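Participant: have a look; sequence and predicted model below, questions after that.
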Amino acid sequence: MDIKIKNRLEARAKIFKALAHPSRVLIVEELADGERCVCDLTEKVGADISTVSKHLSVMKNAGLVLDEKRANQVFYRLRMPCILKFFDCVETVLEDLKNE
């Protein structure tokens, strides 16, 4: 396998791995409506701040979200809102499977 192709495939896999947790999928869904502070996401996910921060760190390292510190709060937003199209595709597959 060509090294450029291998690197591209590994980068894609990193994004999929970053989405491979229900809490992270929920975070993406929440960020679809706009930026959120960690405190809001913590409440939605139902986990402590350190757990949600770790999820956000994984997502940031994969390039899914951007963060911005304001005073003593950190706000996150989707870096690649096109991921929502992928979520729509997943929902279509789930509906098809349900109807089989």
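Facilitator: Structure received. These numbers were taken from a predicted model, which means no experiment stands behind them.
Participant: next one: the nearest residue to residue 18 once chain neighbours are set aside from residue 92, what distance?
Facilitator: Nearest residue to residue 18 in three dimensions, chain neighbours excluded: residue 62, at 3.5 Å (Cβ to Cβ, 6 or more residues apart in numbering). Using the backbone N, CA and C atoms, a C-beta is placed for each residue, glycine as well. Here residue 62 is placed at a distance of 23 Å from residue 92 (Cβ to Cβ, to the nearest Å).
Participant: these two: which has the busier surroundings?
Facilitator: Comparing residue 62 with residue 92 by other Cβ atoms under 10 Å, the one with more neighbours is residue 62, at 19 against 10.
Participant: list the contacts of that one.
Facilitator: Neighbouring residues of residue 62 by Cβ atoms under 8 Å, 6 or more residues apart in numbering: 14, 15, 17, 18.
Participant: if we go to 6 Å?
Facilitator: The contact partners of residue 62, by Cβ atoms under 6 Å, 6 or more residues apart in numbering, come to 14, 15, 18.
Participant: buried residues in the host helix or strand of the second one, which are they?
Facilitator: Which is residue 15. Using DSSP states H and E, residue 15 maps to helix 3-18. Buried positions in helix 3-18, judged by neighbour count with 16 or more other Cβ atoms under 10 Å: 15, 18.
Participant: just how off-centre is that helix within its chain?
Facilitator: Chain-centre distance of helix 3-18: 16 Å, with Cα atoms, centre = their mean, to the nearest Å.
Participant: next: stretch 6-24.
Facilitator: Distance, centroid of stretch 6-24 to centroid of chain: 10 Å (Cα atoms, centre = their mean).
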